[in-house]
Structure formats: C-alpha cells, structure tokens
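Engineer: No letters, just coordinates:
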C-alpha cells in the first residue's frame with residue numbers, strides 16, 4: 001500500500017498522526033516513495049523490527065558505499081558518523097556503548113542530579129523577570145546542552161557553539177527534507193566540531209578527572225587505545241544525542257501539559273508526579289517520530305519483499321498510539337500505569353541516555369510547576385520541525 005506522508009507539508013508536520021494513524025490501521029507495512037522507503041507503524045511490528053538482525057543500523061556505511069559506487073567522495077560526515085553507536089550494529093555498537101555506559105548509569109545520574117537542579121534553577125532565574133519567554137530557546141535548548149557540556153568536561157561558555165554545530169548536523173542526520181544543502185552544511189559543522197573536540201581530547205590525554213572525554217580516552221577501540229580523533233567523533237555523537245531529543249521531550253511535554261490545563265494544575269498542586277507526566281509525554285508525543293534501518297538480508301514482511309539496501313522507517317510515534325497496545329491511545333492520560341512505550345527504542349539500541357533524559361525532564365517539570373505555576377501558551381500552533389526523524393518545535397512562546 002503506498003503512502004503520501006511528507007513532513008514538508010505543513011499539515012503533516014502539525015498533525016502527522018492524522019495521516020499515519022489511518023495508514024497504521026489500513027496495513028501493517030506501507031511504502032512511501034516521498035521518503036524513499038517502507039514504513040512500519042504498529043506497536044508489535046515496530047518492537048520486533050527494532051531487534052531484528054536482518055535490519056541494520058549501519059545506514060551511514062551503506063550511504064557511503066552508495067556514493068563511492070557513483071564515484072563520489074562520502075566526505076567527512078560519513079567518516080565521523082561511522083563512529084556513532086547509533087549507526088553501528090553489534091558487536092561494534094556494543095563496544096562503543098560499553099565504553100561510556102557507566103557515565104549514563106544509575107549511580108552517575110544520582111551524582112549528576114544536583115548539577116541538573118542547579119542549571120534548571122539558574123535558567124528559570126534568567127527568564128522569570130520578563131514574564132514571557134520562548135521555552136525552546138530560553139530553556140529546553142540550554143538545559144541539556146549545558147548538562148552534556150558538564151558531563152564531557154567542556155567549558156560552559158562553549159556550550160552554545162556545540163548547539164549551533166549540532167543543529168547543522170541535525171539537518172542531515174534527522175532528515176530535514178526542506179534544506180537542499182543539508183549535507184554541505186552538516187559537513188562544515190562536523191569539521192568545526194571535530195577540530196574543537198579533538199583539541200579538548202588532546203588536552204586530556206592523561207586526564208583522570210572523571211569527565212566523559214577522559215573516560216573515552218582511557219578506553220580501547222579495535223584493540224588499541226582510543227585516539228584523540230576517535231574520541232572527538234564519539235564525543236560528537238554524545239553531544240548530538242544528548243541534547244536534541246531532550247530538548248524536544250521538554251518542549252513537547254510542556255506543550256501537552258499546558259494544552260491539558262487539568263494535568264498542569266495537578267502537577268502544580270503536586271497531585272501528579274513529574275515522573276508520570278514525563279512518561280505520558282514520551283508516549284503521547286515523544287521527541288523521536290521515526291528511526292531508520294537498512295535491509296541487510298532479503299526477506300518478506302506481510303507480503304512485501306524487502307531487498308538489501310532498502311530503507312525501513314520504524315514509526316515510533318504511530319506505534320505509541322496503537323490501540324492494539326494502549327487503551328484510548330489518542331487521549332493524553334498522565335495517570336496511565338503502563339509505561340512500556342517505545343519512545344526510547346527497544347533492545348540493543350535502547351537509548352543509552354534514557355535515564356539522563358528522564359532525570360532532566362522530571363527535574364525541569366517539577367521546577368517549572370513550582371516557580372512558574374501560571375505558565376501558559378501564547379501561540380495556538382507552534383512552528384514544527386520539518387524532520388522525518390525528530391518530533392519537535394523551533395519555538396514555543398509562553399507567558400507566566
């Protein structure tokens with residue numbers, strides 16, 4: 001069954017599920033020529049595909065091979081992204097994951113909690129006197145960016161640089177369909193960010209102060225100590241993954257809570273826990289609309305023949321609204337007790353930073369509800385990203 005879902009269309013950006021939900025109910029798999037691949041939209045099918053070894057995460061390597069066959073140079077972005085764990089399959093993916101796993105574990109999060117609380121309070125201090133703000137630019141962007149900078153051991157003053165470069169890389173990684181020169185812009189950002197992180201890594205070659213860059217440099221990759229260049233690429237992937245999704249979790253979450261005043265007032269009155277609110281925000285309108293895979297082995301799914309090299313998009317947003325999985329899935333209900341959604345993925349590639357994202361989001365919601373109880377939206381319809389992968393807003397004007 002063909003599908004015409006196209007995030008370049010304003011209506012599709014504003015309400016993607018208005019199109020994707022009927023597609024999900026009509027067929028288990030659909031082909032979309034606009035995005036150049038197949039789409040899986042049902043919860044069980046997406047969950048199964050997330051752990052299916054016939055579907056590969058090594059799509060950057062596939063992309064680079066395709067360019068070389070055409071006589072083109074894949075460029076620095078393909079070389080850099082090949083070191084990102086999200087673009088690798090086991091065992092390489094697991095080797096990269098284990099290198100930094102402790103930094104994102106329960107004990108590390110407990111140690112980081114006070115720092116996150118301090119950053120949250122400082123950001124609210126800055127925006128509170130004005131009585132209004134762009135919650136994305138003034139809060140949801142700087143919070144995870146500053147947290148990741150602190151984890152890596154990068155000077156806080158340089159955090160905006162990381163964000164600017166990451167935004168350019170996102171045009172390519174998150175499949176922005178409206179920006180024609182996204183590859184060129186992403187490559188320039190990769191080169192600049194690589195050079196900066198290489199210098200940071202080189203200065204920490206014998207550092208044992210507990211920073212994430214120091215942790216990476218003390219690890220091994222392919223049987224040899226990690227070089228400063230390799231550490232820069234791994235750190236680059238953490239910078240990108242560590243703030244893009246958290247920014248959109250915060251933005252989407254606050255918008256949903258303010259669009260449901262009863263839920264917001266219960267949060268203010270401490271009758272609704274920030275943890276429950278965050279889980280329903282993740283399920284109802286999570287920060288990741290889709291993840292992509294490349295077919296590694298030919299196989300059939302629901303009568304469709306999937307050939308090696310073809311792309312398959314696992315539509316997490318649609319899966320998390322599947323009525324086969326959740327009762328009344330299109331109702332925002334923070335009292336749900338079933339939090340087994342797919343917002344952070346599933347299986348081997350379950351989001352490494354899930355604990356960190358949850359900690360930042362719950363800390364932020366609790367502080368906003370306490371400090372800005374009269375928070376309300378200023379715009380009826382936000383400016384949504386045109387991304388196929390990410391679900392988020394460019395801005396969210398609020399008053400308080």
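Structural biologist: Perfect, thanks for sending it. Model, not experiment: these values are computed from the prediction.

Engineer: For stretch 277-297, measure first residue to last.
Structural biologist: Stretch 277-297 has an end-to-end distance of 40 Å (criterion: C-alpha to C-alpha, to the nearest Å).

Engineer: Now it: buried residues?
Structural biologist: Buried positions in stretch 277-297, judged by neighbour count with 16 or more other C-beta atoms under 10 Å: 277-296. (Each C-beta comes from the backbone N, C-alpha and C, glycine too.)

Engineer: now, which of those residues lie within strands?
Structural biologist: Within the buried residues of stretch 277-297, residues falling in strands by DSSP state E are 291-295.

Engineer: quick one, strands of the stretch 151-300 of the chain?
Structural biologist: Along the stretch 151-300 of the chain, the stretches classed as strands by DSSP state E, counting those that start in this stretch are 220-221, 224-225, 291-295, 299-301.

Engineer: Check what pLDDT the spatially most central residue of the chain gets.
Structural biologist: Among the residues of the chain, the one closest to the centroid is residue 245, at 3.1 Å (C-alpha atoms, centre = their mean). On the pLDDT scale, residue 245 is placed at 91.

Engineer: Now do the contacts for it.
Structural biologist: 287-288, 351, 353, 357, 390 (C-beta atoms under 8 Å, 6 or more residues apart in numbering).

Engineer: Kindly indicate which of the residues you listed lies nearest residue 224.
Structural biologist: Using C-beta to C-beta, residue 353 is the member of the contacts of residue 245 that lies nearest residue 224, at 26.6 Å.

Engineer: how near is the closest one to residue 289?
Structural biologist: Distance of residue 353 to residue 289, given as C-beta to C-beta, to the nearest Å: 18 Å.

Engineer: Tell me the residue in this structure that is farthest from the middle.
Structural biologist: residue 71 (32.4 Å).

Engineer: Check what pLDDT that one gets.
Structural biologist: Listed pLDDT for residue 71 reads 86.

Engineer: Check residue 204 too.
Structural biologist: Note on residue 204: pLDDT of 63.

Engineer: In the stretch 101-250 of the chain, what residue spans correspond to helices?
Structural biologist: Counting by DSSP state H, counting those that start in this stretch, one finds helices in the stretch 101-250 of the chain at the ranges 106-127, 135, 142-152, 159-173, 182-202, 212-217, 228-259.

Engineer: Can you say which of the ones you listed is packed in most?
Structural biologist: Most buried of those by mean neighbour count (mean count of other C-beta atoms under 10 Å) is helix 135; its value is a mean of 27.

Engineer: Which neighbouring elements make contact with it?
Structural biologist: Applying 3 or more C-beta pairs under 8 Å, 6 or more residues apart in numbering; DSSP states H and E, one finds that helix 135 makes contact with helix 228-259.

Engineer: orientation of the helix it packs on relative to helix 159-173 in degrees?
Structural biologist: 90 degrees (axes from the mean of the first three to the mean of the last three C-alpha atoms, to 10 degrees).

Engineer: Go ahead and measure how far helix 228-259 is from the middle of the chain.
Structural biologist: Averaged C-alpha coordinates place helix 228-259 at 5 Å from its chain's average position (C-alpha atoms, centre = their mean, to the nearest Å).

Engineer: Between all of the contacts of residue 245, which two are separated the most?
Structural biologist: 353 and 390 (14.9 Å).

Engineer: ok, and what's touching stretch 105-120?
Structural biologist: For stretch 105-120, using C-beta under 8 Å, 6+ apart, the contacting residues are 102, 143, 146-147, 150-151, 355-356, 359-360, 363-364, 367.

Engineer: Adding distance to residue 162 and pLDDT, write the residues you listed out as TSV.
Structural biologist: As requested, the contacts of stretch 105-120 are exported to TSV (distance: C-beta to C-beta, whole Å; pLDDT from 0 to 100):
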residue	distance to residue 162	pLDDT
102	22	90
143	13	97
146	10	96
147	11	96
150	12	92
151	12	91
355	21	97
356	16	97
359	20	98
360	16	98
363	21	98
364	19	98
367	23	98
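
Engineer: From those, pick the one nearest residue 220.
Structural biologist: For the contacts of stretch 105-120, the nearest to residue 220 is residue 102 (15.2 Å; C-beta to C-beta).

Engineer: Can you list phi and psi of residue 71 for me?
Structural biologist: phi 80, psi 20 (degrees, to the nearest 10).
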